[in-house]
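>>> this one's structure only:
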């Protein structure tokens, strides 16, 4: 990811943690930023006393190349 921004909020004497993160995605296994404006944002909430957590992911223009093999059999 590039151009990442976010923040962390601590509540109730550090027993609750809220993390928000967003940024522009890079191309798969590359240092090149995606030209189509793909982005990812994540919101994570953790309550250590209640032992609960919740996460939201928002992905725009996700592209992951898939490698496949085609076998052709001639008789």
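Noted; the coordinates are in hand. Keep in mind it's a predicted model, so treat the numbers as computed, not measured.
>>> for the protein, which residues score under the pLDDT cut-off?
27-37, 62-75 (pLDDT under 70).
>>> how about 80 then?
Low-confidence regions of the chain, defined here as pLDDT under 80, cover residues 1-2, 24-38, 60-75.
>>> need the strands for the chain, in chain order.
Assigned strands in the chain, in chain order: 2-11, 16-24, 39-47, 52-60 (criterion: DSSP state E).
>>> mind giving me the packing neighbours of the second one?
Going back to what we said before, that points to strand 16-24. When contacts are defined as 3 or more CB pairs under 8 Å, 6 or more residues apart in numbering; DSSP states H and E, strand 16-24 packs onto strand 2-11, strand 39-47. No exception for glycine: its C-beta is placed from N, CA and C like everyone else's.
>>> which one, of those strands, ends up nearest to residue 60?
With CB to CB as the criterion, residue 60 lies closest to strand 39-47 of the helices and strands packed on strand 16-24, at 5.0 Å.
>>> and the helices and strands packed on strand 16-24, which is most packed in?
strand 39-47 (a mean of 16; mean count of other CB atoms under 10 Å).
>>> that one pairs with which strands?
Next to strand 39-47 in the sheet, as set by DSSP bridges, lie strand 16-24 (antiparallel), strand 52-60 (antiparallel).
>>> tell me what angle that strand forms with strand 2-11.
Following axes from the mean of the first three to the mean of the last three CA atoms, to 10 degrees, one obtains 20 degrees for the angle between strand 39-47 and strand 2-11.
>>> tell me how far residue 45 lies from residue 24.
Applying CB to CB, to the nearest Å, the value for residue 45 to residue 24 is 24 Å.
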